[in-house]
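Visitor: Prediction below, plus the sequence it came from.
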Amino acid sequence: MQIEILTPEKKIYTGEVYGIQLPGVSGSFEVLDKHAPLVSALKNGTIKILLDNKGKTTSYSISGGFIEVLNNKATVLLENASEVAQ
């Protein structure tokens with residue numbers, strides 16, 4: 001699936017990924033390939049981008065935002081984000 005992560009200042013990440021784990025306001029959830037259409041609010045926490053199905057990941061600390069999933073593309077709009085050292 002295609003993912004794009006944006007803040008008001010810059011594009012944080014864009015590319016083809018296996019999935020993404022997010023801190024939703026009602027609890028954490030995961031979006032994988034061919035997920036149903038979705039719009040959800042996000043709370044402060046960490047998003048984890050699953051780069052492949054072998055466990056390779058990258059993470060970002062976020063302060064709120066939204067995700068939209070449509071046509072196998074996820075767009076994540078965030079107030080602020082910074083990469084977490086692995």
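Guide: On my side now, so go ahead.
Visitor: Please name the bridge partners of residue 4.
Guide: Legend: beta-bridge partners of residue 4 under DSSP bridges are residue 14, residue 75.
Visitor: For the residue in the chain sticking out farthest from the centre, give me the backbone phi and psi.
Guide: Of all residues in the chain, residue 54 has its C-alpha farthest from the mean position, at 18.2 Å, by C-alpha atoms, centre = their mean. The phi and psi values for residue 54, taken as degrees, to the nearest 10, are phi -100, psi 0.
Visitor: Skipping adjacent residues, who's closest to residue 8 in space?
Guide: Take residue 8 and drop its neighbours on the chain: the residue closest to it by C-beta to C-beta, 6 or more residues apart in numbering is residue 79, 7.7 Å away. Yep, even glycine has a C-beta here, placed from its N, CA and C like the rest.
Visitor: rewinding a little: look at the residue farthest from the centre of the chain and report its pLDDT.
Guide: Confidence at residue 54, expressed as pLDDT, is 90.
Visitor: ok so, going back, would you agree the residue nearest to residue 8 is in contact with residue 66?
Guide: No. Counting by C-beta atoms under 8 Å, residue 79 does not reach residue 66; the two are 9.7 Å apart.
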